[in-house]
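Colleague: I need the structure of the sequence given here:
(chains A and B)
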Amino acid sequence: MTGPAPGVLLPRASPARSSLLWALAPLLAGAALAGTLQATLPGQRLYLFASPGLAAGVTGMLGAALVVVVIWVRMRTSAATDAALRRAAAQATQDRLRFLMRLDHELKNPLTAIRAGLANVQLAGAVNGTADALTSVSAQTDRIARLVSDLRKLADLETQPIETAPVDVPGLLREVTDAIGEIPAARDRSIRVSVPQAPWPLPLLDGDRDLLFVAIQNLVANSVKFSSPGDTVEVRASEDGDALLVEVADTGAGIPPDEIGQVWQELARGRAARSLPGTGIGLALVRVIVARHGGRTAIRSREGQGTVVSVRLPVTGRAETAPGVADLRQRRDTPGKTAV
Amino acid sequence: MTGTPDSRPVVILADDDEAITSNLAPFLDRSGFTVHVASDGEAALELVERLDPDGCVLDVLMPRADGREVLRRLRAAGRWLPVVLLTQVGESGERAMALDEGADDYLNKPFDPHELVARLRAVLRRARPGRRPLSAAHTLRAGDLRMDRIARRAWIRDAELVLTPKAMLLLDYLLTHPDELLTRDRLLEVLWGFDFPVGTRAVDNRIAELRRALGDDAARPAWIETVAGQGYRFVARVDDAR
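Modeller: Next up is the predicted model:
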């Protein structure tokens, strides 16, 4: 999130020089064309060079036509490239979803059979010394079943329609921190929520409250998971133009630079996560939920210092106001207060 | 279900995957059912004709008539025996379809076999021999509440309830499973087709929405009772309004 944008690093002509070049482009291109004709057909005497005015006019027209053609071809090529890229991305998504569904489908029956078989053995009574093995096999089967169901969840979320209704984000954040408070490890972390009240409260967000809960809950749970007793977890919400920004920050372990690019991928499990329970689906789930709401996710982290994940969700098309928040909206519309 | 051979409920288990039937049938048998296995839909229909069983467990994906087709044909023939569908897909559309077609319950693979036994016992207990099950009814009535299950609309007296699609789905499930303890996890699966990380609050929120719409008092419920620490129970008597 820091440092110059990649584009700034590229050498570029100054704006004044570039516009002069563009203005002269037709004339230069025309002259070049005429020069080429003259050079390739030296036996022919080109009539247009009899009059310098006519020469300038004709070369200008020829050049303009040439420039228009070049620009047109470039636009067409760029549009075609964009369309091809979009098609390829859509195809890749489709292929991935199809793969997840096939995997899910192929694993479901064997897993059902294994579970039924294990239940049989358990009912029949374990033979001496096999009880531990049986418990272990059952636990591992449940683990695979959970993984399969998590992958399925992800594929489902990418495709199933989402329900939208006005969501009161401060209320949602309170609910998330209440739920997190039930995790034993959360007790010795300092968890703070900050929501602005001035100059006006946060606007309502159009979205699926349950899914947004899952997304934010996953982020806060991650912060708790990858921090130690005494660490701080901050959940911050703010208004940013036409969007709501929710940040979940912690003073935890941070993510090594070589792992940060992969955190949003499904089944990605960092080295630090290997000793902890989980399927590596959480952040992928967050990414999908945020994307389904038209939003964006970003992550910044410093190893040994902490991590901040930001979620930017557009506030658009609010058709109604939740009853409990109607008075807040009115206050927002009071004249005399202008947005900055 | 007293455990004596005579009172053991007879159920048909239809799945084309032998790995499943060969493991599941003995488990159901040990759990107190007399099980007959069918490896496709036609075989399941023949067994129903021949044995007049107490219930059916049907996989949705089977050769020669899939689970849905079997269910449709059973219902069209006026056979109202309880049916549990084993669904393959977790999508909400798939679940709504299973219930619309008159399945008494459904389970997503890979399910916990103990859960199947619990569901089977529940649907058998709820069964009204010879009568259409609530899950196959078009319109249900509970006191002043009326629900058109096909149109997915509900009224209290003449006032139509304004509900989100998920709350409507939940109401439908409660009405078709009256007087049954429905755990939060179970209701979550009804709503979403899968379990959320710590998302059982999603269920509480929808129940709160339903109670608001119904004007139900959680402390003295006329419709939805909270079972502390476990889940909810629809306490009003539900009838098929025809």
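Colleague: same for the helix or strand where residue A:91 lies, what does it pack against?
Modeller: Assigned by DSSP states H and E, residue A:91 belongs to helix A:52-124. Helix A:52-124 makes packing contacts with helix A:15-40, helix A:131-159, helix B:18-30, helix B:113-126 when contacts are defined by 3 or more CB pairs under 8 Å, 6 or more residues apart in numbering or on different chains; DSSP states H and E. C-betas here are computed from N, CA, C, even on glycine.
Colleague: so the shortest one versus helix A:52-124, what angle?
Modeller: Pointing back at helix B:18-30 there. If you take axes from the mean of the first three to the mean of the last three CA atoms, to 10 degrees, helix B:18-30 sits at 40 degrees to helix A:52-124.
Colleague: quick one: helix B:18-30 to helix B:113-126, angle?
Modeller: Here helix B:18-30 runs at an angle of 60 degrees relative to helix B:113-126 (the same axes, to 10 degrees).
Colleague: kindly report the same for the longest one.
Modeller: Between helix A:131-159 and helix B:113-126, the angle formed by their directions is 70 degrees, by the same axes, to 10 degrees.
Colleague: what about residue 212, neighbour count?
Modeller: Because you didn't say which chain, this covers chain A. Neighbour count for residue A:212, taken as other CB atoms under 10 Å in any protein chain shown: 24.
Colleague: hmm, I had chain B in mind actually
Modeller: 13.
Colleague: for the chain, which spans come out with low pLDDT?
Modeller: Let's take chain A. Where chain A drops to pLDDT under 70, the residues are A:1-52, A:126, A:272-279, A:317-340.
Colleague: other chain: chain B
Modeller: For chain B, residues meeting the criterion pLDDT under 70 lie at B:1-6, B:88-100, B:193-200.
Colleague: check contacts around residue A:101.
Modeller: Going by CB atoms under 8 Å, 6 or more residues apart in numbering or on different chains, residue A:101 touches A:152, A:155.
Colleague: how near is it to residue A:242?
Modeller: For residue A:101, the distance to residue A:242 equals 35 Å [CB to CB, to the nearest Å].
Colleague: dump the residue contacts of residue 70.
Modeller: Just so you know, I chose chain A. Counted by CB under 8 Å, 6+ apart, residue A:70 has zero contacts.
Colleague: my bad, chain B
Modeller: So residue B:70 contacts B:14, B:41, B:44, B:45, B:56, B:58, B:62 (CB under 8 Å, 6+ apart).
Colleague: my read: the last one touches residue B:40, true?
Modeller: Pointing back at residue B:62 there. Yes - in this structure residue B:62 lies within contact range of residue B:40 using CB atoms under 8 Å: 5.1 Å.
Colleague: need the overlap of contacts for those two.
Modeller: Common contacts of residue B:62 and residue B:40, defined by CB under 8 Å, 6+ apart, comprise B:14, B:16.
Colleague: what does residue 189 show for phi and psi?
Modeller: By default, I'm working from chain A. Residue A:189 adopts backbone torsions of phi -110, psi 150, taken as degrees, to the nearest 10.
Colleague: right idea, wrong chain: chain B
Modeller: phi -70, psi -40.
Colleague: residue A:237 too?
Modeller: According to degrees, to the nearest 10, residue A:237 has phi -120, psi 140.
Colleague: how about the one 10 residues further on?
Modeller: Note on residue A:247: backbone dihedrals following degrees, to the nearest 10 are phi -120, psi 140.
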